[in-house]
Every structure is written in C-alpha cells, then in structure tokens.
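S.K.: heads up, no residue letters with this:
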C-alpha cells in the first residue's frame, strides 16, 4: 500500500516517527457513532492509555466520546484536550492520593474502584474536600478471554478488581460511607479479543451478578464493560475498521439491562490501532549465512509490542516495487529481542528505503522509551503532509 503514504515528503522528517491517518480515524469514529446511536443508553469512553497523542485526543473529543484514564497524567491530558469532566472515568489498581485529589478537584464522572482500601482512601480524601465521589466497583468476573496471557485481565487471580465473592460486602461498605456514592459495576476481561463468545460469556456473568444484587434490594445505574475489541494486525488494508456492528449488537442481545440503566464501553485499540504506522528508514542490509537482515532505525524503544508480547505487526517496504525477498526486520537496540518480524517477505530492500510498520496506533508511541538514550519518536498527522 505504498500509495497511501506520501513517501516523497518523508525526506524532510527525521525517522523514526509515527504517521497517523486522521481520515481513517474519523471514519472509525463515524462507525462507532453510527452503531451506538442504535442503542441510546450506550456510551463510549476512549481509553487514553492506547494513545495520548494530542492530535488524536483532539479529534476523539470533538466526536463526543468520553475519556477512560488510568493515571493522573492521563486525566490532565484529557482535560487539556477538552474532554468534559463529567465524561471522564478514572480506573487503575494503584491510584495515588495525588491522583485521587486531582480527580476530585475536577469533579470527574466516577472512580472505578478495585479494592476496599482504595475505597476507604477515596472516602477519606473526598471528606477532606467536602465532596462525594461517585464510584463503580471493578468486579473480577472470572471470565477468560482468548488472547495473550499478559493482556487477559478478568480472571480471579489477576491483580485487577474485586472478587465476585466479595461484591455484596464491598457494596455494603460503600453504603456506610458518607463521601462515596456507589453508582455501578465495572468489568474488563482483556484486550485484542476477536471472538464475540468472550463478550457473551461476560454478559452472562454480569446478568448473574445483577440478579444477586437485586436479591439484596440493590440496583445500579451504570454498567461498564470495559473494552477489549481487537483489530486485524495481519490485514490492516483489508480490514481497517473493527467489527463494531457485531460488538455492540452482542451486548445489546445478551446483556439484560434494567430500566434506565446506562452501559459504558472503554475502547482504545479498536479506535486508534489501525490509523497509526511507525515509519522507519533502512540503515543496512546485512546478509548472513542463511538469513538476511533489514536493519532499520526504529526499534523496541519506538514500538515495544513485538519484544514484549511477541506481537505481530505487518511491515511494508513503501519505497520499493521490486520482487519480494525474505528478511528479518530488526532494530538498532542492544537487545536480542529487538526484532519486528522474522522470515518475512518484503519488496527487495535497500539502504534508505522507508518501511511502514502497520497497525501501530495503539500501544506504540504511548509506550515508547528513551532506552539507549534514544529520542522519543514524534507523531505527525496525515494532514501535516498536505500543507
């Protein structure tokens, strides 16, 4: 897909850098809005941890989504980007006092609480400010997701959330506190989920838990099912927009919502994953005994997912139309795991060729590091190259 990148204009930009196709981002958001409009009680919050680039946050905010944050820094980024406080949710297993106070000062929509000690601290800090903090409890549904072990979060033994067995007790504790207002339940079973059966299983578990609460005379206004919808890393050109139709329909058909109950989603990767590509330049072609290496100037410092998870990203030589050859595409970092792909077909590569590492809009730039004293990559909008 060489034609979708303005390669001739890249010569003026220092590599590696992130290239964001904002037209694709807008098309993705249009689909999200079109699908959720079918269900008036569905609300989408963008998970800022996926990508906090201000270019993207501005567009997402202007399209009316809320913000899901997991740190004080993300709350500040959301506020700076213009997200209304009443659309900001604060999740995370280890909220500091400073972060909680920041959230209270901005009167955010709610805290997704993951333990009784956290609930007690929020109540104490809210009391000091003479405020009442709205809280949802993150319950571990013990539902496994068909995804990588490091991004499965809904099992009983994960560090996240409150055990199902403790749900009623935690709700009763909140009822005793004057400065917290229990408004709902929060769930998240993992990321990069492509099988709707996983979400159906979550719906069934939530139905069970709601029945348990109602047996105690407890009803909740809000249900938050997290995110988790995956993208097609193998075929980003053929499938640039995830299957939002089936995703939202699955919840509509399988989750038994009560009258006037609101359903919240925290989508990150599904919104921004396909709009971003890491652009890197070829430094050397190194021929081994049985392999040849395409050594590029990007590495695990710019995109850690392949090294961290063994994740696959499609790599394209956007400078060459020559016949394919087999390469290991590797970076310059002094780590053996600094490899993007192995035994991969690319148009014949030469020094100076530009490579696009695709589907890098989520957990790419936001996870970049300065290891080896490298500079952090910059992010550019596709609109920047039309000027």
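M.R.: All right, it came through fine. The shown structure was predicted, so the numbers you read here are calculated from the model rather than taken from an experiment. Numbering: from 1, shown residues only.
S.K.: where along the stretch 51-200 of the chain do the helices fall?
M.R.: Remark: helices assigned in the stretch 51-200 of the chain by DSSP state H, counting those that start in this stretch are 54-62, 72-81, 97-105, 116-128, 167-175, 196-215.
S.K.: got any ranges where the protein has weak pLDDT?
M.R.: Regions of the chain meeting the criterion pLDDT under 70 cover residues 1-3, 144-159.
S.K.: and if we set it to 80?
M.R.: 1-3, 144-160, 387 (pLDDT under 80).
S.K.: quick check: longest strand in it by residues?
M.R.: In the chain, with assignment by DSSP state E, the single longest strand is strand 276-287.
S.K.: same for that one, what does it pack against?
M.R.: If you count contacts as 3 or more C-beta pairs under 8 Å, 6 or more residues apart in numbering; DSSP states H and E, strand 276-287 packs onto strand 17-20, strand 292-296, strand 354-357. Every residue, glycine included, has its C-beta placed from N, CA and C.
S.K.: which of those strands sits closest to residue 264?
M.R.: strand 17-20 (25.9 Å; C-beta to C-beta).
S.K.: next secondary structure element downstream of the closest one?
M.R.: helix 22-36 (DSSP states H and E).
S.K.: tell me which other helices or strands the helix or strand just after that following helix touches.
M.R.: For helix 22-36, the following helix or strand on the C-terminal side (DSSP H and E) is strand 42-47. The helices and strands touching strand 42-47, judged by 3+ C-beta pairs under 8 Å, 6+ apart, are helix 22-36, strand 66-69, helix 244-254, strand 262-267.
S.K.: need those in TSV with distance to residue 218, can you?
M.R.: Shown next, in TSV, are the helices and strands packed on strand 42-47 (distance: least, C-beta to C-beta, whole Å):
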stretch	distance to residue 218
helix 22-36	27
strand 66-69	25
helix 244-254	22
strand 262-267	16
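S.K.: residue 385 is nearest to which of these?
M.R.: Closest among the helices and strands packed on strand 42-47, once you apply C-beta to C-beta, is helix 22-36, at 10.9 Å.
S.K.: return the distance of the closest one from the chain's centre.
M.R.: 16 Å (C-alpha atoms, centre = their mean, to the nearest Å).
S.K.: what does that helix contact?
M.R.: Contacts with helix 22-36, where a contact means C-beta atoms under 8 Å, 6 or more residues apart in numbering, come from 42-44, 55-56, 59-60, 63-65, 240-242, 244-245, 247-248, 267, 270-272, 274-275, 361, 381-383.
S.K.: try 7 Å
M.R.: 42, 44, 56, 59-60, 63, 240-241, 244-245, 248, 271-272, 274-275, 381-383 (C-beta atoms under 7 Å, 6 or more residues apart in numbering).
S.K.: mark which of these are buried, thanks.
M.R.: 42, 44, 56, 59-60, 63, 240-241, 244, 248, 271-272, 274-275, 381-382 (16 or more other C-beta atoms under 10 Å).
S.K.: most tightly surrounded among the helices and strands packed on strand 42-47?
M.R.: Stretch with highest mean neighbour count among the helices and strands packed on strand 42-47: strand 66-69 (a mean of 28; mean count of other C-beta atoms under 10 Å).
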